[in-house]
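Asks: can't give you the sequence, but here's the structure:
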């Protein structure tokens, strides 16, 4: 074997090892990315449940306030009718 073939064999071997290591690192990065996206998805689901609960409570409060307002207007109307008599 001459020097060119030996050098070429060494370069190909080093590049193969390097690309294998880089490929393994890319796989680990993708696994971590998948775990991170799963956690983010859980956080978004929890946030959705919390905002849904807040929305329902605000809607309930709004309905209660409307009912109270209607009740007070009826009482005011009765007081007005009683004062007229």
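Replies: Thanks, I have it. This one's a predicted model, so the numbers in the text were calculated from it and none came from an experiment.
Asks: from here on, contacts and neighbour counts on C-alpha atoms
Replies: OK.
Asks: residue ranges with poor pLDDT in this structure?
Replies: Along the chain, segments meeting pLDDT under 70 span 85.
Asks: Tell me where it has helices.
Replies: Using DSSP state H, the helices of the chain run over 3-84.
Asks: For residue 10, see how far away residue 3 is.
Replies: 11 Å (C-alpha to C-alpha, to the nearest Å).
Asks: Which of those two has more residues huddled nearby?
Replies: More crowded of residue 3 and residue 10, by other C-alpha atoms under 10 Å: residue 10, with 12 against 8.
Asks: how far does stretch 43-62 sit from the chain's center?
Replies: 14 Å (C-alpha atoms, centre = their mean, to the nearest Å).
Asks: Likewise for stretch 34-51?
Replies: Taking C-alpha atoms, centre = their mean, one finds the center of stretch 34-51 at 4 Å from the center of the full chain.
Asks: Then stretch 7-18?
Replies: That offset, for stretch 7-18, works out to 45 Å (C-alpha atoms, centre = their mean).
Asks: now do stretch 74-85
Replies: Per C-alpha atoms, centre = their mean, the centroid offset for stretch 74-85 relative to its chain is 54 Å.
Asks: let's have the chain start at 494 instead
Replies: Yes, from this point I'll number from 494; that puts the last item at stretch 567-578.
Asks: tell me which residues in that stretch are buried?
Replies: Buried positions in stretch 567-578, judged by neighbour count with 16 or more other C-alpha atoms under 10 Å: none.
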